[in-house]
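Trainee: Sequence and predicted model, in that order:
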Amino acid sequence: MVRFLRPSSAVGKVSSEISNHLSAILASLLTLAVIVRYCWHDAPDPFKCNALLQKGRWLDHPASDSESVPKIWQTPGCTIRHYKSKDIQSCLKDKRLLFVGDSTIRQVFWATAAALDPRFNFSISDKHSDQLLTDGGVKLEFIWDPWLNGSRLNSELEMFVNSGESVRPPAILLAGAGLWHSKYVGVNPGAHWKASIDNVLEHMKWAKTTVLRPRSDLLLLAPVTVPAWNKLSIVNNGTILRDEVDMMNNYLKKMTQAQGADVFWAFNEFTEGLSQTFDESGIHNVQSIADLKANALLNLRCNSERVQYPVDGTCCNVYRAPNYIQWVALIGTFAYSIVSLITNDDRTPSAGTAPRTLLSRLRHMLPSAHNHTAPMVFGLTVVLCFYADRTQVLNKSHKHYLGSESFGMVIITILLGLFTVRKTSTDPRTAETQPFLGRDQTDEWKGWMQFVILIYHYTGASRVAWIYEIIRLLVASYLFMTGYGHTIYFYKKKDFSLKRIAGVLIRLNLLSLALPYMMGTDYLYYYFAPLVSYWFIIVYLTMWVGHKYNVNTKFLLAKIGVSALLTTGFTMKFGILEGIFGFLKAVAKIDWNVTEWRFRVFLDMWIVYFGMLVAIAFIKLSNPNFPIANSPHWLMFKNTAVVLSALALPSYIYYQSTFPNKFAYNESHPYISFIPIIAFIILRNATPTLRNTYIGAYSWLGKCSLETFTLQFHIWMAADTKALLEYGIFGVDSRWLNLIISTIVFIYASNEVAKATGELTSWIMGIQIGGGDKVGKPSSPRASRMLVLPTIAKDAVEMQPLSGKADGEANGNTAKLGPAVKKNLRLPIKLGGWLLLMWFMNLVSMDNHSCHDSSHFYFIISNSYYRRTRI
């Protein structure tokens, strides 16, 4: 195993500069490649509407000897949403969908009807008849017209040409036929079919609609179904001829190229070369393929209508144009970069200088000289999230769980850990035995857990119950550290000041509070930061009440028990959270899902208290005067704990395997999750060698685990974690290359944002980070014990107050009461100002969404293409 030595400060500075230059060059090249792809290659189809209409591939394409039906269809650069009844009603309320044609079109109608109303009855005696379904204000209608020459079809086609306020065509008209012509027309069936199709094409040519204009009503043709020839009955095999079907489809392809006819070619792509996608007739599809056709049709029309997140239907999706807050964030990020360069000379004028000018006052409003890039880094990353996951600039692809892929990622993670094993000190003369759950060890713990969680999310492994159960255990471990670390801090430091609680909460939530304004999500969606913040407040209140008596073990334990009961009642009693969330919605337009929040809190209802109990046990046992620590049986007690822990882990794994599904496990998780967690930390700290050794790669990631957990939603994955982000510059078969590049960008951004967030927290709190030291790297042993976050996320803020005085705290050296009171009020006023700003932004972001959409940009860059294909 390789052990990396820490570089000297000079070497480290040079290496940091080289790293920054290389990062800038690579980022520029990657950005240029994406811009070229988007502006040139994607220009004819910027919203991926034609891509959905025409092509794609199966991610789970079966082997040649397999009869399994594939399930994951990947349209180039975008994802298909599975539409349910509520979604269809939201999109198509007071609208109608019309299906005209033969039995293949009828099957698409049936699948759409079943999605709208799961109670829909397929067993209709006369299948060769018109059918109608109305549900939730949506009207679905099928017209049996296998020749495509009926008067009803002609009247509906005229509506597309003469549409207006008084004449409203269907939201979707899907027509298709051909097999009946081949089967029943004895002489020249192609000419008979062509006459009917030309009538549709002529109306399509002059219709005021196109798939290139999302949110418009759609007039679509289905290609002639290519049957599974080996499954056709003897009668059909002799009457439905391959040459005639090919001729019909070739004509449609010619018209697609000549006049831009909107033909849903993907329907045939779904089944090409896969006879198992057809039922025994060889003509009609199995239900899953029929459902896919219905969903593809709905995605084409409805994806741009959706305003709720997650935005998981990205094909043919015209994302909302930026609202006022998003424009301010975008422009402000670049404006700040310019201002920071102008004002980055001497920020701190010496005493006796000339009167402060407007420019000098502006300098003092900005972060100090050595961390002036923090707002720029933070802002650019949030803007990157927007462009990555709220525009079509970057591609999106479906997740596809493969056990071998997940296993390969885990092996790579393990190898990375083995090659970065380190000792806490390389000099044996100065090496000291690390304490129980020391800093490097907790960072390592957070880091390897974060690796596993990232792999879990990226590969879509949530469908595997035992993997899900492991991930639940890892989330519980994070919360265990919340209870453990903050309890030790409050017990030892007795610091219950506003500065302390504000510093922790700002550091934890800055990113999770900024993203909802930019991404149109909400705060609770990034559930980890809210969970940790919620439990930090619980720990704070528990330790603060009667804190003068915390040294009394019985009192402290009783207080923790009472807190557990009150918190459980507060969380689980119906009506309390509903009232609070309702108040927030009324006052600040904060619309949080109370059911989801209660579920999240319940899953880890007790683990934080176990963390608090372990912290108290550690404090007491660390006291040399504590009776048990001096007992002659202490060694035997420790050895027994190690043995029991070694037995507890496999026992827990076995017990875990007995649950039939993850829902059953969720019911037991809050009451049993402490067993493997406590067993793990006992084994991890069993010997001095284990305590003095840690894995550098995991520890490094652990320092920015909060940022990786949050940013993965938008710049590593996409569609709010429902899909994967792709840069689209490596081709469709470059999954691993794209993974490598996107991971580098994601991890680098997370690390930089972690540092920037700590610096911004210092700036907001009015805390100076002296001497140009990096945040989270204190310059003294005493400072290292004053970090805002002892166990969570980054070693964020060294609490060094301005001029040796902390905002919000009394200044013992101030003789006059006035300045002291002013100093004490500075932090509350500042925090109140930030809360008022957030309240105002809530109102603005909810009431002033732009009424326009980004499709206007499309018509600027592709107007000539539109004219060429529609005339």
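Mentor: Okay, I see it.
Trainee: rest of the way, CA atoms for contacts and neighbours
Mentor: Noted.
Trainee: ranges for the helices of the stretch 551-700 of the chain?
Mentor: Assigned by DSSP state H, counting those that start in this stretch, the stretch 551-700 of the chain shows helices spanning 553-572, 576-588, 594-603, 607-622, 634-656, 662-672, 674-684, 688-691, 696-702.
Trainee: My error: substitute the stretch 301-450 of the chain in the last question.
Mentor: Under DSSP H, counting those that start in this stretch, the stretch 301-450 of the chain gives helices at 324-342, 358-365, 374-389, 403-418, 439-459.
Trainee: ranking the helices of the stretch 551-700 of the chain by burial, who's on top?
Mentor: When the helices of the stretch 551-700 of the chain are scored by mean count of other CA atoms under 10 Å, the highest mean neighbour count falls to helix 696-702 (a mean of 24).
Trainee: got the buried residues for stretch 330-344?
Mentor: Neighbour counts over stretch 330-344 (16 or more other CA atoms under 10 Å) mark 330, 333, 336, 337, 340, 343 as buried.
Trainee: Now those in TSV, please, with extra columns for pLDDT and distance to residue 478.
Mentor: Shown next, in TSV, are these (pLDDT from 0 to 100; distance: CA to CA, whole Å):
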residue	pLDDT	distance to residue 478
330	85	33
333	84	33
336	80	35
337	71	36
340	70	37
343	64	41
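Trainee: tell me which of those is nearest to residue 703?
Mentor: residue 333 (25.4 Å; CA to CA).
Trainee: Closest to the centroid, which residue in this protein?
Mentor: Centroid-nearest residue in the chain, with CA atoms, centre = their mean: residue 713, separated by 2.2 Å.
Trainee: Next, the angle helix 374-389 makes with the helix or strand where it lies.
Mentor: For residue 713, the enclosing helix or strand under DSSP states H and E is helix 705-715. Counting by axes from the mean of the first three to the mean of the last three CA atoms, to 10 degrees, helix 705-715 points 40 degrees away from the direction of helix 374-389.
Trainee: average model confidence for stretch 293-310?
Mentor: Averaged across stretch 293-310, pLDDT comes to 90.
Trainee: Name the residues of that stretch that come out as buried.
Mentor: 293-306.
Trainee: Now do the end-to-end distance for that stretch.
Mentor: Using CA to CA, to the nearest Å, the end-to-end distance of stretch 293-310 comes to 22 Å.
Trainee: Show residues contacting that stretch.
Mentor: For stretch 293-310, the surrounding residues in contact (CA atoms under 8 Å, 6 or more residues apart in numbering) are 49, 52-53, 80-83, 88, 91-92, 108-109, 111-112, 171-172, 211, 214-218, 267, 313-319, 520-521, 719-720, 722.
Trainee: Try it again at 6 Å.
Mentor: Contacting residues not belonging to stretch 293-310 are listed as 91, 108, 111, 112, 313, 316, 317, 318, 720 [CA atoms under 6 Å, 6 or more residues apart in numbering].
Trainee: How about stretch 168-180?
Mentor: Contacts for stretch 168-180 (CA under 6 Å, 6+ apart): 96-102, 146, 159-160, 217-222, 224.
Trainee: Quick one: end-to-end distance for that stretch.
Mentor: So stretch 168-180: terminal residues 31 Å apart, CA to CA.
Trainee: so where's the stretch 451-600 of the chain uncertain?
Mentor: The model of the stretch 451-600 of the chain has no residue with pLDDT under 70.
Trainee: If you could redo that for the chain, that was the one I meant.
Mentor: 1-17, 123-125, 163-166, 208-214, 341, 343-371, 425-432, 629, 767-824, 846-871.
Trainee: Report the two of the contacts of stretch 293-310 separated the most.
Mentor: Taking CA to CA, no two of the contacts of stretch 293-310 sit farther apart than 108 and 720, at 29.2 Å.
Trainee: Looking only at neighbour counts, state which of these two leads.
Mentor: Neighbours were counted for residue 108 and for residue 720 using other CA atoms under 10 Å; residue 108 has more, 25 against 21.
Trainee: Quick check: which element contains the more buried one?
Mentor: helix 103-116.
Trainee: now for that helix, which elements pack on it?
Mentor: Applying 3 or more CA pairs under 6 Å, 6 or more residues apart in numbering; DSSP states H and E, one finds that helix 103-116 makes contact with helix 287-302.
Trainee: What about residue 488, how many residues nearby?
Mentor: 19.
Trainee: Throw the helices of the stretch 551-700 of the chain into CSV and include distance to residue 535, thanks.
Mentor: Converted to CSV, the helices of the stretch 551-700 of the chain look like this (distance: least, CA to CA, whole Å):
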stretch, distance to residue 535
helix 553-572, 10
helix 576-588, 15
helix 594-603, 9
helix 607-622, 7
helix 634-656, 26
helix 662-672, 15
helix 674-684, 16
helix 688-691, 27
helix 696-702, 19
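Trainee: out of those helices, nearest to residue 279?
Mentor: Nearest of those (CA to CA): helix 662-672, 33.6 Å.
Trainee: angle of that closest one against helix 607-622?
Mentor: Counting by the same axes, to 10 degrees, helix 662-672 points 30 degrees away from the direction of helix 607-622.
Trainee: Show me what helix 662-672 is in contact with.
Mentor: 465, 603, 604, 605, 659.
Trainee: Stretch 234-245 now?
Mentor: 182, 183.
Trainee: Report the distance from it to the chain centre.
Mentor: When distances are taken as CA atoms, centre = their mean, to the nearest Å, stretch 234-245 is centred 49 Å away from the chain's centroid.
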